[in-house]
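Student: Predicted model and sequence below, questions to follow.
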Amino acid sequence: MAAVWKAVISAYETRLAKLEREKFVLAEKEASALPPKGRLEEFIELSLRFLASPWNIYANGDYATRQTVLRLAFVEPLQYNRNQGYRTPEISFPFKVLEGISGEKKQMVL
């Protein structure tokens, strides 16, 4: 009978150790998944600053910044026709939303 109890106790201890390891792994995943406090506000502020003045960021930025602004502003790369010049670009979702909010018929210019 003592051998049965030892086997049961050993099985419980093994299971508890495994659950503790899983708990530790899940706690690490949770800590890495949630942004630190204040981080969300920084991202929102940065996004709003970009939406408020993409041209200023483009004009004053380096090459990598300009490429990033173009990727964020347009859905696909700008198309150029030798005879007609630049084609009308497909703008990204945030600019479409802003266009709908403004209520006026405006176009983005390069």
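Tutor: Looks like it arrived, so ask away. Residues are numbered from 1 along each chain as shown.
Student: Tell me, domain by domain, which residues of this protein belong where.
Tutor: Split into domains by automatic domain parsing, the chain comes to 1-34, 39-102.
Student: okay, these, which one's buried deepest?
Tutor: domain 39-102 (a mean of 12; mean count of other Cβ atoms under 10 Å). From N, CA and C alone the C-beta is placed, and that goes for glycine too.
Student: what about that one, average pLDDT?
Tutor: Rounded to a whole number, the mean pLDDT of domain 39-102 is 85.
Student: all helices for this structure, in order.
Tutor: 2-33, 39-52, 54-60, 63-73, 93-102 (DSSP state H).
Student: Let me have those helices in TSV, adding distance to Asn83 as columns.
Tutor: Shown next, in TSV, are the helices of the chain (distance: least, Cβ to Cβ, whole Å):
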stretch	distance to Asn83
helix 2-33	51
helix 39-52	34
helix 54-60	26
helix 63-73	23
helix 93-102	27
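Student: so which of those gets nearest Gln84?
Tutor: helix 63-73 (20.0 Å; Cβ to Cβ).
Student: Run the chain-centre distance for that closest one.
Tutor: Offset of helix 63-73 from its chain centre (Cα atoms, centre = their mean, to the nearest Å): 16 Å.
Student: what does it rub up against?
Tutor: With contact meaning Cβ atoms under 8 Å, 6 or more residues apart in numbering, helix 63-73 is reached by 50, 54, 57-58, 61, 77-78, 91-92, 95, 108.
Student: mind redoing it with 7 Å?
Tutor: Residues outside helix 63-73 that contact it (Cβ atoms under 7 Å, 6 or more residues apart in numbering) are 50, 54, 57-58, 61, 91-92, 95.
Student: which of those sit farthest apart?
Tutor: The largest separation in these, counting by Cβ to Cβ, is between Gly61 and Ile91 at 19.1 Å.
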